[in-house]
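[1] Quick one, what's the 3D model for this:
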Amino acid sequence: MMKEQLQKIKEQASAEIASLTDAKALDDLRVKFLGKKGELTAILKQMGQLSAEERPVMGQLANDVRASLEAAINEKSAALKAAITEQRLKTEAVDVTMPGKIRRVGTRHPLNIVLEDLKSIFRGMGYTVVDGPEVEETKYVFDMLLTDEGHPAREPSDTFYITDKTLLRTQTSSVQIRTMLKEKPPIAIISPGRVYRPDAVDGTHSPIFHQCEGLVVDKNITFGDLKGTLENFAKSLYGNDVKLRFRPHHFPYTEPSAEVDLSCFKCGGKGCPLCKGEGWIEMLGSGVVRPEVLQNCGIDPNEYSGFAFGIGIERVAMMRYNIDDMRLLYENDSRFLTQF
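    Numbers count the residues shown, from 1 in each chain. Sure, this is the predicted structure:
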């Protein structure tokens with residue numbers, strides 16, 4: 001009886017193996033016949049009912065059936081894998097005579113190029129790059145920088161207010177305040193980032209633009225230190241022939257304050273369309289930090305002094321690459337951007 005059962009399992013399994021065309025179905029069949037709860041295993045559990053003379057004979061027959069089925073399964077598995085490989089070779093064939101596809105390599109945006117250069121220059125002078133929130137409190141953007149209520153910079157026409165006390169920052173000077181509140185002098189930082197003002201979009205204005213502001217606070221810092229720093233920065237960026245001109249100006253948080261112009265690098269100061277015939281190009285604002293600002297941040301103005309400056313990244317990029325329309329920097333036109 002057991003012999004016939006073993007023979008029947010062998011014939012049934014062999015027939016099913018031969019008809020299979022799927023690897024998963026083949027694995028299911030292996031479990032069905034050879035698994036721990038498989039049909040062959042179930043028969044082997046009946047070996048205890050046999051006589052001592054029949055056990056070795058049936059045991060050998062069962063082993064032969066198992067070996068035969070395992071061999072058939074392995075052979076079928078190899079055949080299925082070969083068929084899959086052959087099918088993939090047909091469907092995924094590569095024509096090696098076809099020309100290759102050119103992968104276009106992207107280029108850095110001119111604003112990023114300029115920003116990385118600014119960071120490199122100031123890091124070389126010992127500055128640290130710091131960042132701060134773009135959604136900011138009026139306390140850090142205006143109040144602690146002595147820009148009092150009623151100042152034009154605080155008007156809704158010049159500022160994106162979220163609430164009465166929060167806004168999209170109009171300058172990265174707020175990062176300077178946050179830094180002075182957290183750190184003790186000596187301080188030497190630059191704070192590049194996006195700023196926001198409700199300006200109409202045209203060739204020289206955008207509601208979103210980028211600034212890089214700098215701050216130094218230490219003992220015995222003077223306007224001369226500011227002048228030397230900016231001269232070193234300008235020469236590093238535009239070459240040793242560039243000249244600086246400091247014009248008196250007013251900023252609420254610095255005194256004395258100055259606008260800084262660069263001699264036109266295109267005409268050498270003779271006058272051209274780029275500098276509108278003046279020979280100078282307005283570059284940045286700067287000044288010596290007022291004692292009240294230091295005091296607001298818990299820094300003793302009798303012991304420390306400092307200077308600050310703010311640079312427009314778009315202005316630097318436009319001057320450097322002779323770009324006459326700021327909108328080109330934001331339109332994502334690959335014909336423009338790939339020139340850099």
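
[2] Please list all residues in contact with Lys81.
    Residues near Lys81 by C-beta atoms under 8 Å, 6 or more residues apart in numbering: Ala23. C-beta here means a position set from N, CA and C on the backbone, and glycine is covered the same way.

[3] and it, what pLDDT?
    The model reports Lys81 with a pLDDT of 85.

[4] Keeping just the C-alphas, turn stretch 280-292 into PDB.
    Below are the C-alpha coordinates for stretch 280-292, written out as PDB (Å, rounded to 0.1, in the frame of the first residue of the first chain):
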ATOM      1  CA  TRP A 280      31.200 105.000  -9.900                       C
ATOM      2  CA  ILE A 281      28.700 102.300  -9.000                       C
ATOM      3  CA  GLU A 282      26.800 102.200  -5.700                       C
ATOM      4  CA  MET A 283      27.700  99.000  -3.900                       C
ATOM      5  CA  LEU A 284      26.700  98.800  -0.300                       C
ATOM      6  CA  GLY A 285      25.800 100.500   3.000                       C
ATOM      7  CA  SER A 286      28.000 100.500   6.100                       C
ATOM      8  CA  GLY A 287      28.800 102.200   9.400                       C
ATOM      9  CA  VAL A 288      30.000 102.000  13.000                       C
ATOM     10  CA  VAL A 289      27.500 100.300  15.300                       C
ATOM     11  CA  ARG A 290      25.800 102.800  17.600                       C
ATOM     12  CA  PRO A 291      26.500 102.300  21.300                       C
ATOM     13  CA  GLU A 292      22.700 101.900  22.000                       C
END
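
[5] What residues of that stretch count as buried?
    280-291 (16 or more other C-beta atoms under 10 Å).

[6] Can you tell me which of those residues end up in helices?
    Those of the buried residues of stretch 280-292 mapping onto helices are Pro291, per DSSP state H.

[7] How much space separates the closest residue to Ser257 other than its chain neighbours from Gln211?
    Closest residue to Ser257 apart from its sequence neighbours, by C-beta to C-beta, 6 or more residues apart in numbering: Gly287 at 3.5 Å. Separation of Gly287 from Gln211 (C-beta to C-beta, to the nearest Å) stands at 15 Å.

[8] got the residue ranges for the strands in this structure?
    Counting by DSSP state E, the chain has strands at residues 128-129, 135-137, 166-168, 187-196, 208-218, 244-251, 254-263, 280-289, 305-312.

[9] neighbouring strands for the fifth one, and are they parallel or not?
    I take that to be strand 208-218. Using DSSP bridges, strand 208-218 pairs in its sheet with strand 187-196 (antiparallel), strand 305-312 (antiparallel).

[10] Go through those strands and pick out the most buried.
    Among the strands paired with strand 208-218, strand 305-312 has the highest mean neighbour count (mean count of other C-beta atoms under 10 Å), at a mean of 23.

[11] tell me the angle that strand makes with strand 280-289.
    150 degrees (axes from the mean of the first three to the mean of the last three C-alpha atoms, to 10 degrees).

[12] hey, which helix or strand in this structure has the poorest pLDDT?
    helix 39-44 (a mean of 69; mean pLDDT, DSSP states H and E).

[13] For the longest helix seen in the chain, buried residues please.
    The longest helix of the chain (DSSP H) is helix 54-91. Neighbour-count burial for helix 54-91, counted by 16+ other C-beta under 10 Å, picks out 58, 62, 65-66, 69, 72-73, 76-77, 80.

[14] can you redo those residues as CSV with distance to Arg123?
    Listed next are the buried residues of helix 54-91 as CSV, based on distance: C-beta to C-beta, whole Å:
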residue, distance to Arg123
Met58, 85
Ala62, 79
Val65, 78
Arg66, 73
Leu69, 72
Ala72, 71
Ile73, 67
Lys76, 67
Ser77, 62
Leu80, 62
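
[15] Closest one of those to Asp325?
    Of all the buried residues of helix 54-91, the one sitting nearest Asp325 is Leu80; the distance, using C-beta to C-beta, is 64.6 Å.

[16] how far away is Lys81 from Lys24?
    13 Å.

[17] Domain map for this protein?
    2-91, 110-337 (automatic domain parsing).

[18] Would you tell me which one of the ones you listed is buried the most?
    domain 110-337 (a mean of 17).

[19] now that domain, how far from the chain's geometric center?
    24 Å (C-alpha atoms, centre = their mean, to the nearest Å).

[20] Name the nearest residue to Ser68, sequence neighbours excluded.
    Lys10 is the one closest to Ser68 (C-beta to C-beta, 6+ apart), at 6.2 Å.

[21] which residues touch that neighbour?
    65, 68-69.

[22] Next one, pLDDT for the spatially closest residue to Glu255 that is not a sequence neighbour please.
    Of all residues not flanking Glu255 in the chain, Arg290 sits nearest, at 5.1 Å (C-beta to C-beta, 6+ apart). The per-residue pLDDT reported for Arg290 equals 97.

[23] Nice, that's everything, thank you.
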